[in-house]
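Q: Sequence and predicted structure, then a few things I'm wondering about:
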Amino acid sequence: MNDRDFVLAADGWAHITPCGEFPHAGAGVVQVIDREACDRIAADFNGRKSDTNFPGVLVDFDHFSLDTEKSSEAAGWISDLESRDTGLWARVRWSDAGLSAVRGGRFRLMSPVFPPPSACEDLGGGRIRPRALVSVALTNEPNIKGGRPLANRQHVENRTDAKRKLMWVLGEPPSGKHCDTCLARAGKIKTAVEWARMKPPPCNCHCSLEPVDEATANRWSDMARAASLAVRKAKAAQRKAQERRERSQRSDDGGQKTAAGPDVVSRGGAETQRAETARAAVLRELAEKRKKRQSSFAEATEDKRPTLK
């Protein structure tokens, strides 16, 4: 990646469509994309996702897959779909061509394809509510306006915000659990460019990157560092325990297997416990920081509120 590439969102989520009512001149209807529509579309996707043969929802180039005379080459495949107050959001597994097109800035927006009006909920008065997602296209001229760009341009040498320090802050995932990737990144501070170059986490995490001042950036949390170290030690202990068990099994020379010593298991368990304790401490620290920021913002807003006379 060079300094003038476009960069995808660090959390890996892309805005498929905002909420609103959008006329479709070709079909002569108004598409109603509200929270109910988003909930139904996400539920339909998750239902199909349970099928082991489901490849995901196709992301193509400029809706070419709808034209039998054009290529249906995939720019990517939607692997996760989520309903939010701001519309539909998706996690995409990009193909090499799709990733190149987005990072190269050839396409910056997405355009969803919904079923025909007859397969949507009829709200009357020419208004319909979609209940499923057929496909999505990379495009620069979507029929539904207002979606957030897939990627933003970075000029490292000309933009100070590219070097701005950002902290990985854990979100509140629907499952209530974070993956190891998110937990390992929690509290870490990197530049915007460094975060953009990292792969997004594999979970539906809702984590965010929040700016920090230089003093905070230079005072990287000892607790977070300890948590990261504890995680690495726990994994190493587990690997060693597994290796010893395998060696014991291979050394069986007369049908008698020597079980791994209890000290191996106990050491692995102790390391895991320390890792979990350190993780919990990091989560508490970040929660306290977030609470303080919210409180400071509320007080500042209250001070600036005009007085009615």
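A: Cool, the structure landed.
Q: mind checking the end-to-end distance for stretch 123-130?
A: 10 Å (CA to CA, to the nearest Å).
Q: Make 634 the starting number, not 1.
A: Renumbered: residue one is now 634, and that last one reads stretch 756-763.
Q: So which helix or strand of this protein has the lowest pLDDT on average?
A: strand 784-786 (a mean of 44; mean pLDDT, DSSP states H and E).
Q: helix or strand right after that strand?
A: Once the chain leaves strand 784-786, the next helix or strand it forms, by DSSP states H and E, is strand 798-802.
Q: as a whole number, average confidence for the next helix-or-strand element following that next one?
A: Where DSSP H and E defines the elements, the next helix or strand beyond strand 798-802 is helix 813-818. Helix 813-818 shows a mean pLDDT of 83.
Q: and helix 813-818, what other elements does it pack with?
A: helix 855-883 (3 or more CB pairs under 8 Å, 6 or more residues apart in numbering; DSSP states H and E). Where you see a C-beta, it was placed from the backbone N, CA and C, and this is true even at glycine.
Q: Between strand 798-802 and the helix it packs on, find me the angle.
A: With axes from the mean of the first three to the mean of the last three CA atoms, to 10 degrees as the basis, helix 855-883 and strand 798-802 are set at 60 degrees to each other.
Q: Can you tell me which helices and strands helix 855-883 packs against?
A: Counting by 3+ CB pairs under 8 Å, 6+ apart, helix 855-883 packs on helix 813-818, helix 895-937.
Q: if you set the cut-off to 6 Å instead, what comes out?
A: helix 895-937 (3 or more CB pairs under 6 Å, 6 or more residues apart in numbering; DSSP states H and E).
Q: pLDDT on the helix it packs on, on average?
A: Rounded mean pLDDT across helix 895-937 is 63.
Q: Tell me how many other residues crowd Leu721.
A: 28 (other CB atoms under 10 Å).
Q: what separates it from Leu691, distance-wise?
A: According to CB to CB, to the nearest Å, Leu721 and Leu691 sit 15 Å apart.
Q: which SSE is Ile711 in?
A: Going by DSSP H and E, Ile711 is part of strand 709-717.
Q: With Trp828 instead?
A: Here Trp828 is assigned to helix 825-829, by DSSP H and E.
Q: Toward the C-terminus from that helix, list the very next helix or strand.
A: strand 841-844.
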